[in-house]
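J.: Sequence and predicted structure below; questions after.
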Amino acid sequence: MAMETASGGKRIAMMQYGPTWRKLRQIMHKLLMPKTAHSYRPIELVEAQQLSIELMDDPNHFLMHHRRYACSTMFNITYGRRLPTWDCQEMKDVIQVIEGFTSIQNPGEWLVDVFNSLEYLPQFLVQNWRTVGARLHAHERKLWMGLWNQLKSDVADRSVPSCFARDFLDSDWKEQGIDELQAAYINGTMIEAGTDTSAITLNCLMCQLALHPEVVAKAQAEIDRVIGKSRTPTWDDEPNLPYTRAIIKEIMRYRPITKSGQLHMLTEDDEYKGYFIPKGTIVMISWWAIHFNPKRYPDPYTFKPERFLNHKLSAAEYTALADVSLRDHFGYGAGRRVYHPLTIFMADFSVALVCTWRSKDCSSPSRDCFGDSISR
């Protein structure tokens with residue numbers, strides 16, 4: 001349902017491992033090398049600065065400001081265009097795609113995914129799944145192809161700044177046998193994948209910070225010591241903010257984007273610790289079970305950034321280690337399907353956090369909007 005019908009078979013995150021997936025992965029890997037990702041830092045800094053202003057001027061809509069920040073960052077990185085407000089049409093269209101796709105991914109929701117032979121029955125007997133999927137795909141196709149075609153037109157007019165989509169257009173995607181719709185989906189997926197993941201993580205983080213004023217105090221003291229009061233943050237400050245980095249790692253452990261991570265499917269029979277696992281079996285990495293294992297993370301149900309102060313590497317560097325037991329957390333998955341824009345995500349997330357703290361007092365309120373005392 002989600003892949004073949006709603007995505008037209010084009011969503012790389014759900015694509016079966018094979019020649020097409022390898023070609024797309026190879027192109028994305030070249031375009032998202034750390035050196036290239038660093039070139040996006042001015043974009044991330046501008047968006048983080050706007051976020052800090054929005055949160056000061058209009059804190060009641062913090063959920064939508066987080067969404068605008070995340071969506072605009074990925075929109076700018078991908079297509080070289082900003083989204084200045086959270087209620088602009090482009091953002092509404094992206095959110096509609098995200099919410100529509102999310103709504104059909106609940107395990108077991110669609111009988112045709114559980115019993116594949118049901119696809120041969122008239123669809124009105126099986127939840128009208130083709131109609132629902134086709135409607136979602138039509139909206140996605142219109143949005144992603146519209147952005148892709150506009151990019152090509154702007155490139156012809158020489159009015160496109162350096163961005164992921166322009167670099168993709170200049171790559172050898174045609175020679176690799178990739179069609180226009182697949183190219184549009186690759187670039188659209190960049191925006192889709194980086195929008196709600198970043199916004200949700202920011203929301204979870206703000207919730208934890210409101211409940212842990214001692215964490216806020218330590219972070220603000222570190223930022224004041226390193227950055228001071230007379231200037232705004234720069235990328236040169238990031239290595240000198242170990243506690244801030246530890247906070248980001250801890251929220252990724254404490255509140256991962258999903259409980260079970262990206263589902264995987266065996267393409268051939270396998271055996272694990274004496275258990276036979278047949279081809280076609282759905283396998284998941286339970287991020288929740290790993291992240292709350294007291295042997296790996298003592299006192300796992302306590303939000304405690306200090307546990308990561310000795311983790312000196314970035315999340316991307318830990319992901320690349322051969323020994324998986326050394327990983328800081330599994331919030332980006334594992335194996336071949338680890339979240340690819342990892343370097344970008346961690347960079348824009350850290351600068352957003354620092355700019356927000358730098359611009360205002362983030363100390364925890366003692367009472368909620370109803371005047372009642374907040375328990376911690």
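T.: On my side now, so go ahead.

J.: Show me the shaky parts of the stretch 201-350 of the chain.
T.: 337, 339-350 (pLDDT under 70).

J.: the helices in it, which residues?
T.: Ranges of helices in the stretch 201-350 of the chain, per DSSP state H, counting those that start in this stretch, are 213-226, 242-254, 287-291, 315-319, 342-359.

J.: so what does the first one touch, helix or strand wise?
T.: Based on contacts counted as 3 or more Cβ pairs under 8 Å, 6 or more residues apart in numbering; DSSP states H and E, the elements that helix 213-226 packs against are helix 180-211, helix 242-254, helix 342-359. C-beta coordinates here come from the backbone N, C-alpha and C atoms, glycine included.

J.: got the CA coordinates for the shortest one in PDB?
T.: In other words, helix 242-254. Only the C-alpha atoms of helix 242-254 are listed here, as PDB (Å, rounded to 0.1, in the frame of the first residue of the first chain):
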ATOM      1  CA  PRO A 242      30.000  19.400  24.800                       C
ATOM      2  CA  TYR A 243      27.100  19.700  27.100                       C
ATOM      3  CA  THR A 244      24.800  21.100  24.400                       C
ATOM      4  CA  ARG A 245      25.900  18.200  22.100                       C
ATOM      5  CA  ALA A 246      25.200  15.800  24.900                       C
ATOM      6  CA  ILE A 247      21.600  17.200  25.300                       C
ATOM      7  CA  ILE A 248      21.000  16.500  21.600                       C
ATOM      8  CA  LYS A 249      22.300  12.900  21.900                       C
ATOM      9  CA  GLU A 250      20.200  12.300  25.000                       C
ATOM     10  CA  ILE A 251      16.900  13.500  23.400                       C
ATOM     11  CA  MET A 252      17.600  11.200  20.500                       C
ATOM     12  CA  ARG A 253      17.900   8.400  22.900                       C
ATOM     13  CA  TYR A 254      15.100   9.400  25.300                       C
END
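
J.: contacting residues around that helix?
T.: Residues from elsewhere that reach helix 242-254 (Cβ atoms under 8 Å, 6 or more residues apart in numbering): 201, 204-205, 208, 215, 218-219, 222-223, 238, 291, 297, 303-309, 311, 315, 328-329, 331-332, 346, 349-350, 353-354.

J.: In ChimeraX, select just the buried ones from those.
T.: The ChimeraX selection below is limited to those of the contacts of helix 242-254 classed as buried (16 or more other Cβ atoms under 10 Å):
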select :201,204,205,208,215,218,219,222,223,238,291,297,303,304,305,307,308,311,315,328,329,331,332,346,349,350,353,354
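
J.: Now stretch 23-40: buried residues?
T.: So for stretch 23-40, counting by 16+ other Cβ under 10 Å, buried means Lys23, Leu24, Arg25, Ile27, Met28, Leu31, Leu32, Ala37, Tyr40.

J.: how far away is the fifth one from Ala315?
T.: So the one you mean is Met28. Relative to Ala315, Met28 is positioned 18 Å away (Cβ to Cβ, to the nearest Å).

J.: Could you do the third one as well?
T.: When distance is defined by Cβ to Cβ, Arg25 is 19 Å away from Ala315.

J.: The first one now?
T.: Using Cβ to Cβ, one obtains 26 Å as the distance from Lys23 to Ala315.

J.: Alright, calling it a day.
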